[in-house]
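1. build me a model:
(one chain, ligands or ions: 1)
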Amino acid sequence: MASPAPFAKMNGLGNNIIVADMRGRTDRVLPAAAVALAADPATGFDQIMAIHDPRTPGTDHYVVILNSDGSTAQACGNGMRCVVQALAAETGRNSFTFETVAGILNADQHGNGLISVDMGLPRFGWQDIPLAEEFRDTRMIELQIGPIDAPVLHSPSVASMGNPHAIFWVDQDVWSYELEKFGPMLENHPIFPERANITIAQVTASDAMTIRTWERGAGLTGACGSAACAAAVSAARTRRTGRSVAVTVPAGGSLTVEWRDNDHVIMTGPAEWEWSGTFDPATGQWQRDAEDAA
Ligand SMILES: N[C@@H](CCC[C@H](N)C(=O)O)C(=O)O
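-> You can find the predicted model right below:
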């Protein structure tokens, strides 16, 4: 058995996150360990954020993101806030620079405890998302669910926040759609060669919307930060909202997403520590720390 690594069970507005401390180690969290942890109701999660030693000068840490199916993700906004909260509690620092497989990003904890993550630049090109083929209108693609003459969902906006997103705009309550049924079909649709995160979004004001997301590799989630960003920028570029939006998520509460003039997308919200333990990054075998065990 590999030496145990510390982890914290956390959540970012209801997005279930495990922050794994892999600093000072050369091994990594294996997909099998992620799948085992996800299958256990006590440690069930949407993403693992594995904090490694930095790879690039000027960055604090390299962060690897795993979904609950063991696949790797390029971005996880809610998870990044959890990483910041954990590191800020440990070090007393407020600002961090991270590297992920998608690039380098900055994040800050504010005096009120909320955390802002610079999610970088959104991309809308078909090869960037990626899509299987070029599409005519870069603001939406031809894809629909339901009868051809009365589709339940259709014409999603598509965007990359480092990871692929499709956003279906709806007029009714987002809870009136069977996302658990449509999500898996749309996530694995051939138009998305790397699969996609699927979001239903209802714009409720020029600065507010409500979303539900079926996450690639994780399924229905209480919140998805990168989906909130993808929905916000897509709403702004299709003139549904302005460039600063409060995005209400399924678990309740909201993220503030601001698409700045320099094109960067800044997502702000809370992060919450739940409990801590240690785990084997190869197998997922875990133990809760004695001091906070029930
Ligand atoms: N929950 C995350 C997004 C997680 C990654 C996603 N499932 C993917 O595979 O792209 C967030 O808060 O952004």
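
2. and residue 8, what are its bridge partners?
-> Per DSSP bridges, residues listed as beta-bridge partners of residue 8: residue 19, residue 276.

3. nope, residue 244 is what I meant
-> residue 258.

4. contact partners for it?
-> By CB atoms under 8 Å, 6 or more residues apart in numbering, residue 244 lies in contact with 207, 256, 257, 258, 259. Backbone N, C-alpha and C define where each C-beta goes, glycine included.

5. residues contacting the second one?
-> Pointing back at residue 256 there. Applying CB under 8 Å, 6+ apart, the residues near residue 256 are 244, 245, 246, 247, 267, 268, 269.

6. repeat the analysis, applying 7 Å as the threshold.
-> 246, 268, 269 (CB atoms under 7 Å, 6 or more residues apart in numbering).

7. just residue 264 next, same as before
-> 118, 120, 121.

8. wasn't the last one part of a helix?
-> Yep, that's residue 121 we're talking about. No - Residue 121 is assigned coil when assessed by DSSP: H, G, I helix; E, B strand; the rest coil, not a helix.

9. end to end on stretch 180-197, go ahead and measure it.
-> Using CA to CA, to the nearest Å, the span of stretch 180-197 from its first residue to its last is 13 Å.

10. and that stretch with the ligand, contact?
-> Yes - using CB under 6 Å from any ligand atom, stretch 180-197 reaches the ligand at residue 197.

11. list the buried residues in that stretch.
-> Residues of stretch 180-197 classed as buried: 182, 183, 186, 187, 189, 191, 192, 195, 196, 197 (neighbour count, 16 or more other CB atoms under 10 Å).

12. excluding sequence neighbours, find me the nearest residue to the fifth one.
-> Which is residue 189. residue 143 (6.7 Å; CB to CB, 6 or more residues apart in numbering).

13. checking the nearest residue to residue 4 once chain neighbours are set aside next. Helix, strand or coil?
-> Closest residue to residue 4 apart from its sequence neighbours, by CB to CB, 6+ apart: residue 278 at 3.7 Å. For residue 278, the assignment made with three-state DSSP gives strand.

14. ok, the one 5 residues further on next?
-> Per three-state DSSP, the local secondary structure of residue 283 is coil.

15. tally of neighbours for it?
-> Using other CB atoms under 10 Å, residue 283 has 14 other residues around it.

16. before we move on, the earlier item: and the residue nearest to residue 189, what is it in contact with?
-> Here residue 143 is in contact with 154, 156, 189, 191 (CB under 7 Å, 6+ apart).

17. so among those, where is pLDDT lowest?
-> Lowest pLDDT within the contacts of residue 143 is found at residue 154 (85).

18. what's the nearest residue to it if we skip its chain neighbours?
-> The nearest residue in space to residue 154 (CB to CB, 6+ apart) is residue 144, at 3.7 Å.

19. quick one: the strands in the stretch 151-294 of the chain?
-> Per DSSP state E, counting those that start in this stretch, the stretch 151-294 of the chain carries strands over the ranges 153-154, 157-160, 164-169, 197-205, 208-215, 219-220, 244-248, 254-259, 265-269, 272-279, 286-288.

20. residues in the stretch 151-294 of the chain within reach of the ligand, list them.
-> Applying CB under 6 Å from any ligand atom, one finds that the stretch 151-294 of the chain approaches the ligand through 163, 197, 215, 216, 217, 218, 221, 224, 225, 226.

21. need these in a markdown table (columns: distance to residue 131 and pLDDT).
-> Formatted as a markdown table, these follow (distance: CB to CB, whole Å; pLDDT from 0 to 100):
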| residue | distance to residue 131 | pLDDT |
| --- | --- | --- |
| 163 | 14 | 98 |
| 197 | 14 | 98 |
| 215 | 19 | 98 |
| 216 | 14 | 98 |
| 217 | 18 | 98 |
| 218 | 21 | 97 |
| 221 | 23 | 95 |
| 224 | 20 | 97 |
| 225 | 22 | 98 |
| 226 | 17 | 98 |
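
22. quick one: buried ones out of the residues you listed?
-> 163, 197, 215, 216, 217, 218, 221, 224, 225, 226.

23. report the contact partners of residue 224.
-> Contacts for residue 224 (CB under 7 Å, 6+ apart) come out as 15, 78, 197, 213, 215.
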